[in-house]
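Engineer: Return atomic coordinates for the entry below.
(one chain, ligands or ions: 1)
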Amino acid sequence: MEREQSIIEMALELGFDMAGIAPLAPPPAAERFQAWLDDGHHGSMAYLERNRDRICDPARILGGGRSLLCLGLGHARAPVELAGGGRVARYAAGRDYHNKVGKLLRRLGRRLAEAGLARGGQRSIVDAGPLLERSHGAEAGLGHESKAGHLLHRTHGPWFFLAELLLEEDLVPTLDRGTGSSPLPSCGTCTACIDACPTGAILEPGVVDARLCISYLTIENPDPVPVELRPHLGAWVFGCDVCSEVCPHGSRAPDREDSLGTHKAVAEGSLVDWLECGDSFPEVFIGSPLKRPRRAGLARNAALALGNSPSDVGREALLRALTGDSSETVREAAAWSLGRAHLSDKGVPDALERSRRQENA
Ligand code: B12
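Structural biologist: Numbers count the residues shown, from 1 in each chain. Next up, the predicted model:
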């Protein structure tokens, strides 16, 4: 059996849902990526700017690297909602995928080396590495680039993670060998994702302005969420799945809830718990991707979501956060939510006035 075919079969046997080979060369979308950075669409994600050169020329990541084994793992599951309200992006509801996929990648690397299929050095990357994963994934035949910027797979639609093994082995790219999965039909005239995005973050097909994307605003952005965008966050407290949910290509994706499970903080927590978790944050969210925005970021998001879906218990928690939270960003988010949803409730205008004076003192 050919070396390339054996490598791909080994990846699938180990549990990946898709695998393909691309050259370890500049990604086809390198120019689009540079333009995206130049336009400032990355917001405060400085690591993308810092890694610009390596992202555009990934051979620099592994000196002597020749090939890129691109892999995908499905993560579709039913919508995830906290008890009492608050939505979490589906990929983040369970254990941290970086750990699971990272382990799988390293195991695959070891097996390939043991079988003599990948000699020399290798490096594994999941998400955080300096690589334009979707562009390489498309080149390796895993799927088709969508108007929302996703890579769409024939079966999993947008609901899969990408990961890569950089190899020194010189391998024939999947598409050159004519064995790549047949390409998906393109988005065609469908604009469901562009139309549905609550904040208009998809500026044109394939161009997402992260600064408007709810995923960025609730996960990566350490600052206050711009006031005009807050109502559009709705119930999203971590990430957003709207552009994936409306994509017709995702409707047949197999359910993978069991793969990462549901983290206790999601299964048993509420927006109020998340707003008030305080010093227990590291313990409560251990092993979960929800740690990414840190305690104040997640509490800020919970405060805003409570303002977008008012309740009595939410109002009491917001009043406590208004004066008691150690983060100015959280206190300010609580003030906004109380002003938006509870201004006519007894005691709220006074509490807001007192806190305004305190903040200005
Ligand atoms: C930074 C980042 C973000 C940022 C910016 C997103 C963005 N669109 O650029 C924010 C925080 C907003 C984000 C959000 C999400 N992300 Co993200 N993110 C990344 C990261 C780390 C880098 C992406 C990047 O460099 N963006 C810059 C732009 C220029 O690159 P790009 O979007 O990949 O470029 C492609 C498209 O724009 C498209 N394209 C460009 N022009 C055109 C023109 C046309 C006509 C068309 C059709 C397409 C097209 O082609 C480009 C190359 O393939 C990658 C991991 C990685 N290392 O690549 C994950 C990654 C892209 N994210 C991922 C996920 C799952 C998400 C979310 C769904 C999470 C969520 N539920 O909240 C959302 C989806 C939002 C969206 N519609 O993009 C997955 C995507 C998997 C997949 N099947 O596509 C990745 C690959 C992580 C992973 N390892 O699985 N993300």
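Engineer: Now do the strands in the stretch 201-350 of the chain.
Structural biologist: 202-204, 207-208, 236-238 (DSSP state E, counting those that start in this stretch).
Engineer: looking at those, which is buried most?
Structural biologist: strand 236-238 (a mean of 27; mean count of other C-beta atoms under 10 Å). All C-beta spots, glycine's among them, are computed from the backbone N, C-alpha and C.
Engineer: for the strands of the stretch 201-350 of the chain, which one sits closest to Ala35?
Structural biologist: Of all those, the one in closest proximity to Ala35, counting by C-beta to C-beta, is strand 207-208 (8.7 Å).
Engineer: Quickly check: that closest one near the ligand or not.
Structural biologist: Yes. Against the ligand, strand 207-208 shows contacts by C-beta under 6 Å from any ligand atom at Val207, Val208.
Engineer: Tell me which residues are up against that strand.
Structural biologist: With C-beta atoms under 8 Å, 6 or more residues apart in numbering as the test, strand 207-208 has contacts from Arg32, Trp36, His41, Ala148, Gly149, Ala201, Ile202.
Engineer: Quick one: end-to-end length of stretch 265-285, please.
Structural biologist: For stretch 265-285, the first and last residues are 6 Å from each other (C-alpha to C-alpha, to the nearest Å).
Engineer: tell me how far it is from the chain's mean position?
Structural biologist: 20 Å (C-alpha atoms, centre = their mean, to the nearest Å).
Engineer: got it, and stretch 100-115?
Structural biologist: Distance, stretch centre to chain centre, for stretch 100-115: 23 Å (C-alpha atoms, centre = their mean).
Engineer: Which positions in the stretch 101-250 of the chain make contact with the ligand?
Structural biologist: Looking at the ligand, the residues of the stretch 101-250 of the chain close enough under C-beta under 6 Å from any ligand atom are 126-127, 131-135, 138, 145-151, 158, 160-162, 205-208, 210, 213, 215-216, 219-220, 239-241, 243-244.
Engineer: out of those, which are buried?
Structural biologist: Among those, the ones that count as buried by 16 or more other C-beta atoms under 10 Å are 126, 131-135, 138, 145-151, 158, 160-162, 206, 208, 210, 213, 215-216, 219-220, 239-241, 243-244.
Engineer: Just the ones of those residues in helices?
Structural biologist: Counted as lying in helices by DSSP state H, out of those, are Glu133, Arg134, Ser135, Ala138, Ser215, Cys243, Ser244.
Engineer: ok, which pair from those residues is furthest apart?
Structural biologist: Ala138 and Ser215 (20.3 Å).
Engineer: can you give me the helices for the stretch 151-300 of the chain?
Structural biologist: 192-196, 214-215, 230-233, 242-245, 257-260, 264-267, 271-275, 281-284, 294-308 (DSSP state H, counting those that start in this stretch).
Engineer: Include mean pLDDT when you put those into TSV, please.
Structural biologist: Listed next are those as TSV, based on pLDDT from 0 to 100:
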stretch	mean pLDDT
helix 192-196	98
helix 214-215	98
helix 230-233	98
helix 242-245	98
helix 257-260	96
helix 264-267	98
helix 271-275	98
helix 281-284	97
helix 294-308	98
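Engineer: quick one: contacts for the residue of the chain found nearest the ligand?
Structural biologist: Taking C-beta to the nearest ligand atom, the ligand has its nearest neighbour within the chain at Gly206, 2.1 Å off. Residues in contact with Gly206 (C-beta under 8 Å, 6+ apart) are Arg32, Glu145, Ser146, Lys147, Gly149.
Engineer: Report the separation between it and Lys100.
Structural biologist: Per C-beta to C-beta, to the nearest Å, Gly206 is found 29 Å from Lys100.
Engineer: same deal with Gly239?
Structural biologist: Going from Gly239 to Lys100 by C-beta to C-beta gives 17 Å.
Engineer: picking up where we left off before, the contacts of strand 207-208 into a markdown table, with extra columns for distance to Pro248?
Structural biologist: Output for the contacts of strand 207-208, formatted as a markdown table (distance: C-beta to C-beta, whole Å):
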| residue | distance to Pro248 |
| --- | --- |
| Arg32 | 24 |
| Trp36 | 26 |
| His41 | 26 |
| Ala148 | 12 |
| Gly149 | 16 |
| Ala201 | 20 |
| Ile202 | 16 |
